[in-house]
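1. Okay, sequence plus prediction incoming.
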Amino acid sequence: MTEQSFEYKVLRFLNDRIECYDVTDQSLKIVFYDVPSNEYREGMEQLKKGGYVKNKDVHGQGISISSDGQTKLQQLQKMVDAEKKPANPPALKHPLGLTQELFWTLLLAFIGGAFGLGVYFGSNKFDRNLIELSDNNRSLQDTIKARESTIKVIQHNSDTALDILGHMPYQEMRLDTTSFRKVQTTIENAGAFLSRDK
C-alpha cells in the first residue's frame, strides 16, 4: 500500500515542514522510530540518489524536500487517493441517457400500457367471438322455429286428411275400379306432398 511506504511517509513529513530548518537526520530517525535502522538507511539513500531529498545548507545539517521530491510526492498522493477511493461498482447506464427515476417511471408506464392494450385487444377478440357465436345461435334458433312451424303445418294437414278420411262414408260409396284408383292416387299424392314438405 502506497500510504505505508517509507518513501511516501518521509516526503510527506518533509513537505509539511518545508519552512522548518531544524529537520535533521537525527530528528527524522526519531520520527520514524518504528522503521528498522537498515530500512531507514537504505530508504534515505534511495531518496537522496533520486534527488527527492537534499541538504538545506552547506554544512549538511538540515534536510528538506526538493522540487523533484514534491513532484514525486504529488504522484504518490494521487496513488494514495486512488487506493482510498471506495471501489464503486460501475454505474448502470440507462438507455437514452435517462436518469434512473425517469427510466423506471417510463418502463413501468410502458409495461402498464402494454398490459392495457393486451386486455383491450383480448376483450375485443373475445367480444367478436361472442358476437359471432350469438349470431350463429340466433340463426340456428330461427332455423329451428321455421322447421317447427313447418312440422305444425304438416301435422295440421295430416290431421285434416285423416279426419276427412275417417268421416268418409265408405259403405255408401260404390266406387268402380277407375274411381277407386283416382282416390288412391289422390291420397298417395297428398302423402307424397306431406312427406316432401318435411
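-> Good, I have the coordinates.
2. pLDDT score for Glu83?
-> pLDDT for Glu83: 75.
3. what packs against the longest helix seen in the chain?
-> In the chain, taking DSSP state H as the definition, the longest helix is helix 100-166. In this structure, helix 100-166 makes packing contacts with helix 177-196, judged by 3 or more C-beta pairs under 8 Å, 6 or more residues apart in numbering; DSSP states H and E. C-beta: built from backbone N, CA, C; applies to glycine.
4. Grab the nearest non-local neighbour of Ala161.
-> In space, and not counting its chain neighbours, Ala161 is closest to Ala190: 5.8 Å by C-beta to C-beta, 6 or more residues apart in numbering.
5. and the one you found, how many neighbours does it have?
-> By other C-beta atoms under 10 Å, the residues close to Ala190 number 16.
6. where in the chain is pLDDT low?
-> 1-4, 15, 17-22, 56-61, 86-96, 165, 168-175, 194-198 (pLDDT under 70).
7. 90 instead?
-> For the chain, the stretches with pLDDT under 90 are 1-107, 116-135, 150-198.
8. Give me the buried positions along stretch 72-80.
-> 72-73, 76-77, 80 (16 or more other C-beta atoms under 10 Å).
9. Please list the members of those residues that lie in helices.
-> Taking DSSP H, the ones among those that sit in helices are 72-73, 76-77, 80.
10. any chance of these in JSON lines, plus distance to Phe110?
-> Shown next, in JSON lines, are these (distance: C-beta to C-beta, whole Å):
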{"residue": "Lys72", "distance to Phe110": "55"}
{"residue": "Leu73", "distance to Phe110": "54"}
{"residue": "Leu76", "distance to Phe110": "51"}
{"residue": "Gln77", "distance to Phe110": "48"}
{"residue": "Val80", "distance to Phe110": "46"}
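11. Tell me which two in the residues you listed are the farthest apart.
-> Longest distance between any two of those is 12.5 Å, between Lys72 and Val80; criterion C-beta to C-beta.
12. next one: stretch 78-87 to chain centre, how far?
-> Its chain's average C-alpha position is 37 Å from that of stretch 78-87, according to C-alpha atoms, centre = their mean, to the nearest Å.
13. So which bits of that stretch are buried?
-> Residues of stretch 78-87 classed as buried by neighbour count (16+ other C-beta under 10 Å): Val80.
14. follow-up on the earlier one: quick check: of the buried residues of stretch 72-80, which lies closest to Gly166?
-> The nearest member of the buried residues of stretch 72-80 to Gly166, counting by C-beta to C-beta, is Val80 at 125.8 Å.
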